[in-house]
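>>> give me coordinates for this.
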Amino acid sequence: MAKFIGAHVSASGGVENAPLNASKIGAGAFALFTKNQRQWKAKPLSSKSIDKFKSNLEESKISPNHILPHDSYLINLGSPDKEKLLKSREAFIDELKRCQELGLKMLNFHPGSHLQKFSKRDSNYEKLIEEAEKKALDTIAESINLAIEATKDSDVVLVIENTAGQGSNLGYKFEHLAYLIQKTENKDRIGVCIDTCHMFAAGYDIRTKEAYKKSWEEFDRVIGFKYLKGMHINDSKAKLGSRVDRHHNLGYGEIGIEFFKMLMRDKRFDNIPLILETIDDSLWEEEIKMLYSFANS
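Purely as a prediction, here's the structure:
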């Protein structure tokens, strides 16, 4: 089987429970938080938790290559506030070390936000946005290089997630992700995760065969499929180009079910974790079965 489909499962009660929760829904891949995603600090992982995680993972028959842990939502590697930037960098490095302890291969993260506020009434509004984004992208690139340097004994890949571009979030253009890859000194430790909802909300149409072909050609030209390490598989409540991040269950949103059929039959998305983050987790088992049926049809 070339497709590895799962969901972002709970690690409540300890990271060791995540592989078991993935197995319960028939997953061949999964995502998790290795600590509370809404807190800066967490207790170090105990050797008991680490050992149990690894044994449960073996029992689940899910490969570490198909696990896409996500970092804390508090982290902003592009923050203009020096104190918050330092805190974010320290927390991010800690997350990388936790992944290494668990034997995981990747850490998924949102690039960050510039947090500047401008009025569309400003005559130079577009230029102000462009300057703020460039400055923040350079800060994020510096953060990435510092994190890689601080974990030189690790091979954990830093996987940048595209965003819908809501607020001042960066990463809504393929060019943003390409710029960060270009600025990363060790290319062996950088990659991207494409969230289908975010991609659509950012303005990349994927609903028809023609639009699908065009958008993925643009992705390959600007970034390159060699950097694609995983995907988040979500429909969108928000319309194309809305820049609003609202996930929906598959076939219930603006993207529609035909896109997911095309995706599952496309060999370019083989052998990477394909992770559901759809809003009704009671449907995950059903959605995983459905996606596997598309892949095998």
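
>>> list the buried ones in stretch 20-27?
21-23, 25, 27 (16 or more other C-beta atoms under 10 Å). Backbone N, C-alpha and C define where each C-beta goes, glycine included.

>>> same check, this time on stretch 152-165
154, 156-165.

>>> now secondary structure and distance to E217 too, for the buried residues of stretch 20-27, in JSON lines please.
As requested, those are arranged in JSON lines below (DSSP: H, G, I helix; E, B strand; the rest coil; distance: C-beta to C-beta, whole Å):
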{"residue": "N21", "secondary structure": "helix", "distance to E217": "37"}
{"residue": "A22", "secondary structure": "helix", "distance to E217": "33"}
{"residue": "S23", "secondary structure": "helix", "distance to E217": "37"}
{"residue": "I25", "secondary structure": "coil", "distance to E217": "33"}
{"residue": "A27", "secondary structure": "coil", "distance to E217": "30"}
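
>>> quick one: which of those residues is nearest to G253?
I25 (20.6 Å; C-beta to C-beta).

>>> thought the closest one was touching I5?
No. With contact defined as C-beta atoms under 8 Å, I25 does not count as touching I5 (10.0 Å).

>>> mind listing the shared neighbours of the two?
I288 (C-beta atoms under 8 Å, 6 or more residues apart in numbering).

>>> sorry, back to before: list just the nearest of the buried residues of stretch 20-27 to E287.
Nearest member of the buried residues of stretch 20-27 to E287, counting by C-beta to C-beta, is I25, at 9.0 Å.

>>> dump the residue contacts of the closest one.
Contact partners of I25, counting by C-beta under 8 Å, 6+ apart, are 6-7, 9, 284-285, 288.

>>> recalculate using a threshold of 6 Å.
By C-beta atoms under 6 Å, 6 or more residues apart in numbering, the contact set of I25 is 284-285.

>>> let me see the ranges of the helices in this structure.
Along the chain, counting by DSSP state H, helices occupy 17-24, 47-60, 82-101, 125-150, 174-183, 196-201, 209-222, 257-264, 284-295.

>>> so where's the stretch 1-150 of the chain shaky on pLDDT?
Scanning the stretch 1-150 of the chain with the threshold set as pLDDT under 70 gives 1.
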